[in-house]
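Peer 1: sequence and predicted structure below; questions after.
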Amino acid sequence: MKAGNTAELNVQNKIALNLRGFKDFFIGILYLLPSLLLLGIFIFYPMIKTFYLSVFLTDQQGNPAAYVGLENYRYLLTDPGFLHSFKATVLFVLYTVPSSIIIALFLALLTNEKLKGIGLFRTLFSSTMGISVAASSVIWLFLFNPSIGMLNQILTMFHLPTFHWLQDPDSAIIAVSITTVWMNIGFAYLILLGGLQNIPADLYEQANVTGTGYWYQLFKITIPMLSPTLFFISTVTLINAFQTFGQIDILTKGGPSNATNLIVYSIYQDAFVNYRLGEASAQVVLLFFCMIFITFIQFKLGEKKVHYQ
Amino acid sequence: MKKVELQNIVKRYDNQHLAVSDINLTIEPGEFFVLVGPSGCGKSTMLRMIAGLETITEGELRIGEKTATHLPPSKRDLSMVFQNYALYPHLTVEQNIAFGLHTKGLNKIERKNRCEEVAEMLGLASYLKRKPKQLSGGQRQRVALARAIASQSPICLMDEPLSNLDAKLRAHMRSEIKHLQQKLGMTLIYVTHDQVEAMTMADRMMILKDGKIQQVGKPLDIYNRPANRFVAEFIGTPPMNILPAVYDKGSNQLLIDEQRALTSFSHDFKADMDVFIGIRPEHITFASEDDTPNTLRGIVYHSEILGNETITDVELGPVKCLVRQSGQQLFSPGQEVAVSFPEEYIQFFDSNGDSLQAKRNEGNKVRVG
Amino acid sequence: MKKVELQNIVKRYDNQHLAVSDINLTIEPGEFFVLVGPSGCGKSTMLRMIAGLETITEGELRIGEKTATHLPPSKRDLSMVFQNYALYPHLTVEQNIAFGLHTKGLNKIERKNRCEEVAEMLGLASYLKRKPKQLSGGQRQRVALARAIASQSPICLMDEPLSNLDAKLRAHMRSEIKHLQQKLGMTLIYVTHDQVEAMTMADRMMILKDGKIQQVGKPLDIYNRPANRFVAEFIGTPPMNILPAVYDKGSNQLLIDEQRALTSFSHDFKADMDVFIGIRPEHITFASEDDTPNTLRGIVYHSEILGNETITDVELGPVKCLVRQSGQQLFSPGQEVAVSFPEEYIQFFDSNGDSLQAKRNEGNKVRVG
Amino acid sequence: MRIVKSIIVYSLLLVSASLILFPIVYTLMVSFMTGGEVLQGHFLPEHMTLENYRSAFQKVPLLHYLVNSFIVSLVVMVGQLIVSSLAAFAFVFIPFKGRNAMFLLFLSTMMIPWEATMIPNFITVSNFGWINTIAGLTVPFFALAFGTFLLRQNFKTIPKELDEATQIAGMNRFQFFIRVVLPISKTSLVSLGAYGFLTTWNMYLWPLLVTNNDKVRTIQIGLKEMQSQEVATQWGVVMAAVIIVILPTLILLFAGQKQLQKGLMDGALK
Amino acid sequence: GCGNQTSGQNSEGSDAKNGSDNGKTKVVFWHAMGGDLKPVLENIVKKFNEKHPDIEVDPVFQGTYEEALTKYRSVGGTKNAPAIIQTFEVGTKYMIDSGYIQPVQKFIDQDHYDINQWEPNIRKYYQVNGKQYSMPFNSSTPVLVYNKDAFKKAGLDPNKPPQTYSELMEDAKKLTVKSGNKTAQYGFSMLNYGWFFEELLAEQGAYYVNHKNGRAKQATKAAFNGPEGVKVFNLLNNMNKDGSFFNVGSNWDDIRAAFVSGKVAMYLDSSSGINSIVDNSKFSVGAGYLPHPDGKDPQGVVIGGASLWMSKGIGDKKQQAAWEFMKYLASPEVQAEWHTKSGYFAINPKAYDSEIVKEQHKKYPQLETTVNQLHDTKSTPATQGALISVFPESRQKVVTALEKLYQGGDPQQLLDEAAKDTDRAMEIANKTKK
Ligand SMILES: Nc1ncnc2c1ncn2[C@@H]1O[C@H](COP(=O)(O)OP(=O)(O)OP(=O)(O)O)[C@@H](O)[C@H]1O
Ligand SMILES: Nc1ncnc2c1ncn2[C@@H]1O[C@H](COP(=O)(O)OP(=O)(O)OP(=O)(O)O)[C@@H](O)[C@H]1O
Ligand SMILES: [Mg+2]
Ligand SMILES: [Mg+2]
């Protein structure tokens, strides 16, 4: 009898749990509704259109003209130009993401101290995020200028070899990376600083009392406790790096010899200069899946290591 | 073994809230020093200043023979149990305990051993792999304690380290801590609000109120010869009874009200002086006849049994006093009783609350037999 | 005034750590119910299940007359003091206390009044404008308490709400809480590790161990008639002495060792039965001659004075026992003494630890008068 | 000891600051130069001239554009904060089925290069009749996976006891959101706000697409209007405009910092 | 300031138009004239509006030509389309094919407007199959810009710029100044920009694509990888190898800075950029014709810049008003103003007779050289310019080829690659054409 009773109870439990789950689902969706609606209209719908276009050849006005199946993809995957773009993109990501984060972290750690005038430095360090891609690219264009650029002038001043920054394929990608890192620093810095300040002070108090040194605390407390923020900023920087466009357009236009022809720039070219929307769409789709894959991996590996309160 | 010296220490928060004022104190090497006082009196603040976690607004702190007023915490070579534990949420219990042990020059195996040993001692052995949030409150507190113990620093600060433990475990911990402190010769500064802890563990203790020292001394001395009313009432549960009285020079009596007066005492008062009579509940006895000296009549207001003892609240005219007896002997409210105040246990305080016989009372009975 | 009923409640964390197992319990409306047990036994877990903060793995919970197993916490109309306070860091003390009061339909002025009233009662009046971070540990705890009290919900859960307060304040709080509980007719479920709290405040109390109920009953009943060795040792400080003995049918004696035996007791044992003799330290007396029944000879191992009482550890051959006397009477170690065990205070437990006379002992002396 | 430490820290700060600021300082210098000086590669202007600033204001209705930019950025910022925080709240505090999948779906939108969505969105917006309106400039950016992600990461660090205490207090989820979660997360809200504001402030192509006249056009278009393609650009003027454009954002950042700091002082957990 | 006023008026005007009809016909004019040209253009528009009370032209800056076209693609053929859009010369074929535009020939015929008063070389670029499609507006050609002071220093005649490839190479070598192992001054430079390559090709009378530069019929294959193209590449390659060529990349400002700062002594620039170069340089600046290979007869240059296109489907009234505006722009007075203030050619040569132009030419004699060069051009399909819809893409391929050339690539091979890519682009474009 008692057994029957418990069984019945458990069934009731399950029903109640389901009900609660259903309600939670409903409420959850309610909170997500504005986002879902807007994303649906402004992202998913265009994206579906992109998928659709990617199996067509389009006319110059961007309308589908001839169905070609996966031909666009096949072409891209065998096109040395696209593969080169892909390689350049990966290289660019490797150059910019870790360095942006490390520099920003360094600055954030530096300004996390309580010192006089630190507010000013904090503003200065985050200031690069206040400058548009277009403006900063133009500024750097001047700095990189082979004849009058300040960088070369400074290098000459210290009797160092100068570079044809943007004219040499090898240095061009580095130049673009420097620009990008500079632009990234402001925001990454701000976010990391916020993360640092959210770490409860008593953990450091304890560690100080224990007599542990700076580096030990950095690696045993700061980094682990900062992991959600680090995880966030690295994901975002990564995604942004994959989508870099503005600085390329102004600094190099993808050159020299396609050295900085990153995928998104190549997409832009195909869609808005060459009027081949089908091919551009196929590139978008490829980039999209590639990034989904990378981010998914990052989440699988990252979220586990990330510590939340 | 290091000495800790505080000279004219003052602490002000945000330049306004005065938390600790003008503390002068020397804690001897290897001493078990207990800090007690009401909530918010500045105990944690003092501890945190010694640890170097709060700046010292004024005064000088010396640790060992060195001035340490501005020494960073990591250079003070001490360990601490925080009132709110301060466990690392991202580390397991084991890692929490072993945190920073490498600074003591221990290798991996030694660290592991030390950690296991301490965990064993504090009953945490089966939780070593858990994260703090998977622990109960008491378990967390023990982890914090374990961490401090494991470091075996010459000075250890503990801020209410046993507050979340049950009586039994607490008794066990008390003896373990005391034992360890003696074995390692640690200088231990210990904040507690538990009187049993203070009385049984302290070599010396200090009573703090509103950031000011009230009394420093051996626990028994303080219990027996409180320096003022505050200490008298603060130490001992239930607290000492304090009855206002006026000295009548003519009859050489201390009048509580018209019908009640103490007649037998050995202290000289000034005429018409306002006096407070202090007597601990356990020193009052129920008298069968009221012809013995210092016996007062009263009416039982309330009586309750706490397991092994009975607390009775007796109304003596305008004032009330608590009587504590061992055993379970309930009185019914309204019952008339006579209580007697043995002369040797009576304390007197002046109208400022200061003890009138702080010096005089040496001869208090501490029988060894 | 609401009843709380737990039926076959089981809690497993992460589907593995069993924290609470098969609890059946009814807490009556308006009852002051205290939960005690060693650290990690599942007290907080139980409270959190009642509050709806942990899912109930198995079983049913009823609050009032309604099934509440899956009711969200906000629908349960109860208040709670969290073991780690859970104060809102961004709100001032005042805002923390008043938090959520508007859901009770109070207007601004009422909220303010209620808040001030409670703050006054808990001695927080001068901290109302501060943020939690600027408070001492005990002050924070009082804010947490104030928040729960201010809400005046019919059911209130408190998880060690006084653990960070000093004895005096704690005594004050105890009476305030008790008073309030009675005034408002709250059903109060109270977790504590403080025996005095448990004994003085509880209408009924429950002892938990490893997630299992050991005994439920009135505090005095539990003190006097512990259901098993665990309860006997857990309740009471210092704990009850437990001495192993063997029943010798021939001499009708309980042998502790060759030289020591109890001769006078009113319980029937089986031949050669292993028995545990339990007696509380305060019930043992020092005997001048050893011809009274149940008098054993021993040697003083250690003796200490705790203000108003003396605890002496006496070696009785292979076992030790604690003796507690009121007054300050130190023995020196090594001294020979005789202790006697009054028949009426002796408890017997079988080898499983269960009490042999749980039912029998009704007549225990609770003298009124 | 402390002094040595602060000397080291300060010198590191100064070095880093000068490295980071160099391009901006250079811009400032260029903004005071005449065209020839710029092209001749000077670092310091020969004579400080404010001519460039004057002509920047003259050529383009900079002030009007600045006001537009300000309004648009503000609206986007507020919209993003509302929409993202609602979503992030759901992802952290409402345990509904499929929320991880949903979150990944959200994240996936971050991977879509916005160039790919630009044209369809332009058509959508013109179908809505939003050309030349604030709505057209702002609404498409309200939903921001990135912002949701940022806030989610931050909400996750809020101790769950606070959620519990709020539930016990009989408050519903939305009240918890408004009264506890948002105030405690002030830091990230300010960060996200700054981000949203500045990215909108820096937007160029979209405002160019959805506006046809000066009425709602924003400052970045103004910057572009100062540059020419084949004919020589007056870089001094452009840089003067860049400085004018950076200035409000820097002020905003500075104020934000102050606010942030204040928020941290009393909002810090524990 | 005055800019402010202009814009205020504009926005007010457009507001009124959108709301109620106040009797004025509104002509929206999308242009890409940023920088100093914007106020010039706006001023012209303002004057027109004052003269024509029934018409209101609303000039709207739409970013670069590419950006404006991107937007036009979405609104083309709808009533949201602007009445007039300014598009670069390489977009000509694209615009013709798009089906969104109304050839101005219709109005020329209607009005019996005399287009022969226009500069023939400019007019012909935008004339396809005998039909005038768009209205030429801002036009430029390449010129050789050089540093007269440097010429003197190198012992060269500052009034005799090099004419042939070999002269160019020799002069460049002489102008190259080394200090240590660093080059202080290079002889020559050319922007990595397809346009200059096209010009050097046209100068030799060579076609860029087949079918007479696509003017006989739809082009299907690239032709620029012929011997003439290789000659150009060889020239650049040789100069690059002997160290007299300075590679500044693909940015206009970089090359101008190189010249102004004295890093480069000669370079190719657009005629429209000369004014400011002269203004900004501390030395005296000379201008010469585009060089040609030895022994070949120079054919002249192709016009660059942009023209104005009229939209289809916006109603007769608007089209008529737009035409009115276009005519106004082509008038000698306006052209004179435009020429002097922008540096672009006057499409109506009568403008050159006006006083202000004469004054301007006195001040900037270099401008005269550019005008003369244009006049000396022989009008052939080669100098009329190629007609292909994928021109921007093809240009890009040529730029890549140039960049690779400076990295040490083989000229013929690089050109063949660029040609192949152009072929593919054309093939797809032709395939998808409706
Ligand atoms: N989140 C969790 N995951 C796993 N185990 C847990 C978790 N929370 C608590 N426990 C375990 O459940 C048991 C009961 O915990 P609970 O917090 O109820 O103890 P408690 O009786 O309140 O103890 P204390 O007096 O120390 O607070 C403990 O052993 C604890 O380690
Ligand atoms: N950060 C702070 N800012 C301002 N006042 C503070 C701060 N920290 C503590 N105080 C105040 O200083 C006084 C002493 O605090 P302290 O923490 O030392 O008390 P305590 O003796 O440890 O009390 P408890 O037993 O309650 O923990 C208290 O009144 C408290 O409100
Ligand atoms: Mg404290
Ligand atoms: Mg607990």
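Peer 2: Right, received. Where do you want to start? Numbers count the residues shown, from 1 in each chain, chains lettered A, B, ... in the order given. Ligands and ions are numbered 1, 2, ... in the order given.
Peer 1: closest point of the stretch 51-200 of chain A to ligand 3, which residue?
Peer 2: A:Pro200 (16.8 Å; CB to the ion). All C-beta spots, glycine's among them, are computed from the backbone N, C-alpha and C.
Peer 1: the residue of chain A found nearest ligand 3 and A:Asp170, how far apart?
Peer 2: For chain A and ligand 3, the shortest gap (CB to the ion) falls at A:Asp202, measuring 12.7 Å. For A:Asp202, the distance to A:Asp170 equals 50 Å [CB to CB, to the nearest Å].
Peer 1: so for the two, which sits in the more crowded spot?
Peer 2: The neighbour count for A:Asp202 versus A:Asp170, taken as other CB atoms under 10 Å in any protein chain shown, is higher for A:Asp202 (16 against 12).
Peer 1: what about the residue lying closest to the more buried one once chain neighbours are set aside, which SS state?
Peer 2: Closest residue in space to A:Asp202, ignoring its immediate chain neighbours: B:Ala86 at 4.0 Å, by CB to CB, 6 or more residues apart in numbering or on different chains. Assigned with DSSP: H, G, I helix; E, B strand; the rest coil, B:Ala86 falls in the coil class.
Peer 1: what pLDDT is listed against B:Thr187?
Peer 2: We note a pLDDT of 92 for B:Thr187 in this prediction.
Peer 1: need the per-residue pLDDT for B:Val216.
Peer 2: 93.
Peer 1: count the neighbours of it for me.
Peer 2: 19.
Peer 1: how about B:Leu322?
Peer 2: Neighbours of B:Leu322 (other CB under 10 Å): 20.
Peer 1: so what's it up against?
Peer 2: B:238-239, B:241, B:281, B:311-314 (CB atoms under 8 Å, 6 or more residues apart in numbering or on different chains).
Peer 1: report pLDDT for residue 159.
Peer 2: Looking at chain A here, since you left the chain open. For A:His159, pLDDT reads 79.
Peer 1: wait, chain E was what I had in mind.
Peer 2: For E:Asn159, the predicted pLDDT is 87.
Peer 1: next: E:Asp15.
Peer 2: 37.
Peer 1: residues contacting the closest residue to E:Ala386 other than its chain neighbours?
Peer 2: Among residues not flanking E:Ala386 along the chain, E:Tyr208 sits closest, at 3.7 Å (CB to CB, 6+ apart). Counting by CB under 8 Å, 6+ apart, E:Tyr208 touches E:198, E:201-202, E:222-224, E:385-386, E:388.
Peer 1: can you add secondary structure and pLDDT and give these back as TSV?
Peer 2: As requested, the contacts of E:Tyr208 are arranged in TSV below (DSSP: H, G, I helix; E, B strand; the rest coil; pLDDT from 0 to 100):
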residue	secondary structure	pLDDT
E:Glu198	helix	89
E:Leu201	helix	88
E:Ala202	helix	88
E:Ala222	strand	88
E:Ala223	coil	88
E:Phe224	coil	89
E:Gly385	coil	85
E:Ala386	coil	87
E:Ile388	coil	87
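Peer 1: possible to save these as JSON lines with neighbour count and distance to A:Leu110?
Peer 2: Formatted as JSON lines, the contacts of E:Tyr208 follow (neighbours: other CB atoms under 10 Å in any protein chain shown; distance: CB to CB, whole Å):
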{"residue": "E:Glu198", "neighbour count": "28", "distance to A:Leu110": "53"}
{"residue": "E:Leu201", "neighbour count": "25", "distance to A:Leu110": "57"}
{"residue": "E:Ala202", "neighbour count": "28", "distance to A:Leu110": "59"}
{"residue": "E:Ala222", "neighbour count": "28", "distance to A:Leu110": "56"}
{"residue": "E:Ala223", "neighbour count": "21", "distance to A:Leu110": "61"}
{"residue": "E:Phe224", "neighbour count": "26", "distance to A:Leu110": "56"}
{"residue": "E:Gly385", "neighbour count": "27", "distance to A:Leu110": "58"}
{"residue": "E:Ala386", "neighbour count": "29", "distance to A:Leu110": "58"}
{"residue": "E:Ile388", "neighbour count": "26", "distance to A:Leu110": "56"}
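Peer 1: ligand 1 contacts on the stretch 101-250 of chain B?
Peer 2: Selection of the stretch 101-250 of chain B residues close to ligand 1 by CB under 6 Å from any ligand atom yields B:133-139, B:164.
Peer 1: same thing but 5 Å
Peer 2: B:134-138 (CB under 5 Å from any ligand atom).
Peer 1: could you check how far E:Lys79 is from ligand 1?
Peer 2: 65 Å (CB to the nearest ligand atom, to the nearest Å).
Peer 1: tell me which helix or strand residue 124 sits in.
Peer 2: Because you didn't say which chain, this covers chain A. helix A:118-126 (DSSP states H and E).
Peer 1: not quite, go with chain E.
Peer 2: Going by DSSP H and E, E:Lys124 is in helix E:120-125.
Peer 1: so that helix, near chain D or not?
Peer 2: No. Helix E:120-125 lies out of reach of chain D by CB under 8 Å from any CB of the partner chain, never closer than 15.4 Å.
Peer 1: pull the CA atoms of that helix into PDB?
Peer 2: Extracted in PDB, the C-alpha atoms of helix E:120-125 (Å, rounded to 0.1, in the frame of the first residue of the first chain):
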ATOM      1  CA  PRO E 120      34.500  64.800 -78.100                       C
ATOM      2  CA  ASN E 121      36.800  62.500 -76.100                       C
ATOM      3  CA  ILE E 122      34.700  62.900 -73.100                       C
ATOM      4  CA  ARG E 123      31.400  62.500 -74.900                       C
ATOM      5  CA  LYS E 124      32.400  59.400 -76.700                       C
ATOM      6  CA  TYR E 125      33.300  57.500 -73.600                       C
END
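Peer 1: quick one: contacts of the helix or strand just after that helix?
Peer 2: Downstream of helix E:120-125, the first helix or strand assigned by DSSP H and E is strand E:127-128. Strand E:127-128 has contacts (CB under 8 Å, 6+ apart) with E:92, E:96, E:133, E:215, E:384, E:387.
Peer 1: 7 Å instead, please
Peer 2: E:96, E:215, E:387 (CB atoms under 7 Å, 6 or more residues apart in numbering or on different chains).
Peer 1: and the closest residue to chain D within chain A, how many neighbours?
Peer 2: Nearest residue of chain A to chain D: A:Ile148, at 2.7 Å (CB to the nearest CB). As a burial measure, A:Ile148 scores 23 neighbours (other CB under 10 Å).
Peer 1: the residue nearest to it when sequence neighbours are not counted: neighbouring residues, count only.
Peer 2: Nearest non-adjacent residue to A:Ile148, counting by CB to CB, 6+ apart: D:Gly41, 2.7 Å away. D:Gly41 is flanked by 20 other residues according to other CB under 10 Å.
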